[in-house]
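J.: Structure of the sequence below:
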Amino acid sequence: MKILKAFHIVIAITGLLTGLFFSSSISAQDISGTWHGKLTVPTGSLTIVFHINQTEQGVYVTTLDSPDQGANGIKTQSTSFKDSIVTIQIPSIHASYKGKLSSNHTISGTFTQGIPMPLNLEKGEAAPLKRPQEPQPPFPYRSEEVTVRNEQAGINLAGTLTLPEKGSKFPAVVMVTGSGAQDRNEEIMGHKPFLVIADYLTRNGIAVLRCDDRGTAASQGDHTTATNEDFVTDTEAAINYLRGRKEINTKKIGIVGHSAGGIIAFIVAAKDPSVAFIVSLAGAGVRGDSLMLKQVESISKSQGMPDVVWQGMKPSVRNRYAMLQQADKTTGELQKELYADVTKSMSPEQLKDLNTVQQISAQISSMTSPWYLHFMRYDPAKDMKKIKCPVFALNGEKDIQVDAAMNLTAIQQRISENGNKKVTVKAYPNLNHLFQTCEKGTLAEYGQLEETISPEVLKDITDWIKKTISPSIGLLKTFIDTLDSCI
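T.: Below is the predicted model of the structure:
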């Protein structure tokens, strides 16, 4: 049960699901409007916003926003209001809210999602998120909406190509997002890191192509059934698109991949020796189950779990990950095995709790999805040994999703084994998984920070790419520096 609670918290923080809704309540008082408050969680606080509307029949309809997480319009099932008590059921995220209207502008209550947490609401809109790095027009470069055709999959990907205003035959990068359905800006918790990176690179003479993931935003396809192998074909299609643009230097096209996007970059470069370079932003260098075991440990401890407790539950986590390695089992068989393993230590009373059972089923379904099974079984070592192009791998030391020491070491060792010495790794002491300057590195902190990405990282990426594609510039600078020292 402890491991499920840890998974539940991870799922709740990284992405909330939506469902159908209806509501019913008739009351003399009217609670229609927008209500917001701060939910205290083990890793900090989250802004919660309820939008409550009343129909002509007196029925309340509510949606939920979690702006710190970038989740908006989450549908609820029912909203009731009687004797000054408002109750909102949100089964799509296995949650509920119950509070008492204290005045026309405040509600005191409790938000329950696995555990009860105090949540007091005030009437009105929440303060807008501050994102000072988000680029604003007019831009000193060209921006073009494009369509990338993936012939192999038979789908069109919608994207944005940014090109420097002056010059021609530009070096270029294809940006590849991390796990989950991501738009071209890789928007998360109100941040748009890929927009910020693309803006910085293009201002510095590098063209950038970034696309919505398949089945996401304006792109065609089905994201729910796709694995990293499918996203590899999407990335290859994006590279081929750039090769057909007259403005691009086809010999200087590289890949910038974040998190799972780093894995995709390695697979593509192993297959295509013409890829000019790779920038891996918190990319994985070890097999998925090893990475996830460390991730669950780091996240659990960031939420206050004592080490002795983690050591006690670690064997169960490892055992469940071992179950997922059984490639000869069907998805249904794996789900049955996992359910039996999870519930064997639960009491009959717990198993009678519909909310608990639904949470377990949702988590097991996520763990046996096509993407997750492929990710957990994939070891990037075999592809890394084929990579010949220059690689720049970066990680934040406070990254609790992709451990910096474990993965940077693996990336450098495995790529270098094939004789490729053009591998640069760098760990940043105070940065998290999104490369934000942070204090704790917790998941909840992502949305609370105003910084989208460290300026140091932006500069390092740009300087490394420019040096890599134009090594003569670096040699010339060294020669000039030598002359200066002689003088």
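
J.: switch to C-alpha atoms for all contacts and neighbour counts from now on
T.: OK.

J.: residues in contact with T40?
T.: By Cα atoms under 8 Å, 6 or more residues apart in numbering, the contact set of T40 is 46, 117-119.

J.: Now for P370: which residues touch it?
T.: Contacts for P370 (Cα under 8 Å, 6+ apart) come out as 224-227.

J.: Could I get the phi/psi values of it?
T.: Backbone torsions of P370, given as degrees, to the nearest 10, read phi -60, psi -40.

J.: any idea how far A327 is from it?
T.: Counting by Cα to Cα, to the nearest Å, the gap from P370 to A327 is 12 Å.

J.: which SS state does the residue lying closest to W310 once chain neighbours are set aside fall under?
T.: Of all residues not flanking W310 in the chain, E297 sits nearest, at 6.8 Å (Cα to Cα, 6 or more residues apart in numbering). Secondary structure assignment for E297 (DSSP: H, G, I helix; E, B strand; the rest coil): helix.

J.: Where do the helices of the stretch 201-350 of the chain begin and end?
T.: In the stretch 201-350 of the chain, the segments counted as helices under DSSP state H, counting those that start in this stretch are 228-243, 260-271, 288-302, 307-324, 331-343, 348-352.

J.: Nearest to Q89, out of the ones you listed?
T.: Judged by Cα to Cα, the one of those that comes nearest to Q89 is helix 348-352, at 18.8 Å.

J.: Check which residues of the closest one are buried.
T.: By neighbour count on 16 or more other Cα atoms under 10 Å, the buried set for helix 348-352 is empty.

J.: next helix or strand past that helix?
T.: Counting by DSSP states H and E, the element after helix 348-352 in chain order, helix or strand, is helix 354-367.

J.: relative to helix 307-324, how tilted is that next one?
T.: Computed with axes from the mean of the first three to the mean of the last three Cα atoms, to 10 degrees, the direction of helix 354-367 lies at 60 degrees from that of helix 307-324.

J.: mind showing which ranges of the protein have poor pLDDT?
T.: Across the chain, the ranges flagged by pLDDT under 70 are 1-29, 42-44, 471-487.

J.: Could you report the neighbour count for the closest residue to Q89 other than its chain neighbours?
T.: Nearest non-adjacent residue to Q89, counting by Cα to Cα, 6+ apart: S96, 4.6 Å away. Neighbourhood size, S96 [other Cα atoms under 10 Å]: 20.

J.: Is S96 bridged to anything, and to what?
T.: Listed beta-bridge partners, S96: Q89, T112 (assigned using DSSP bridges).

J.: same question, T62
T.: Taking DSSP bridges as the rule, T62 bridges to I52.

J.: so what's it up against?
T.: Counting by Cα under 8 Å, 6+ apart, T62 touches 23, 50-53, 75-76, 78-79, 88.

J.: change it to 7 Å
T.: Each residue near T62 by Cα atoms under 7 Å, 6 or more residues apart in numbering is listed here: 50-53, 75-76, 79.

J.: Let me know the closest of the residues you listed to I107.
T.: F50 (11.5 Å).

J.: follow-up on the earlier one: look up how far F375 lies from the residue nearest to W310.
T.: 18 Å.

J.: now do S179
T.: According to Cα to Cα, S179 and F375 sit 10 Å apart.

J.: repeat for N319
T.: From N319 to F375 the distance is 17 Å (Cα to Cα).

J.: T356 too?
T.: As for T356, its distance to F375 is 27 Å (criterion: Cα to Cα).

J.: now swap in T76 and tell me
T.: T76 is 32 Å from F375, where distance means Cα to Cα.

J.: Settle it for me: which of these two has more neighbours?
T.: Using other Cα under 10 Å as the criterion, T76 and F375 rank with T76 on top: 25 against 22.

J.: And the contacts of the helix or strand encompassing A172?
T.: Assessed by DSSP H and E, A172 sits inside strand 170-176. Strand 170-176 is contacted from outside by 205-210, 238-239, 247-249, 252-258, 261, using Cα under 7 Å, 6+ apart.

J.: which of the residues you listed are buried?
T.: Here, 16+ other Cα under 10 Å leaves 205-210, 238-239, 247-249, 252-258, 261 buried among these.

J.: G396 against K426, yeah?
T.: No: counting by Cα atoms under 7 Å, K426 is not a contact partner of G396; they are 8.5 Å apart.

J.: Comparing the two, which shows the higher neighbour count?
T.: Each of G396 and K426 has its neighbours counted (other Cα under 10 Å); G396 has more, 27 against 16.

J.: could you check the distance from the more buried one over to L293?
T.: Separation of G396 from L293 (Cα to Cα) stands at 18 Å.

J.: Y200 too?
T.: Using Cα to Cα, Y200 is found at 35 Å from L293.

J.: can you check R184 too?
T.: To L293, R184 is 29 Å away according to Cα to Cα.

J.: Which one of the two is surrounded by more residues?
T.: Using other Cα under 10 Å as the criterion, R184 and L293 rank with R184 on top: 24 against 14.

J.: what sits against the more buried one?
T.: By Cα under 7 Å, 6+ apart, the residues touching R184 are 159, 210-212.

J.: quick one on the thing from earlier: between which two of the contacts of P370 is the distance greatest?
T.: The largest separation in those, counting by Cα to Cα, is between T224 and T227 at 8.6 Å.

J.: Who has more neighbours out of the two?
T.: Higher neighbour count among T224 and T227: T227, with 17 against 13, using other Cα under 10 Å.
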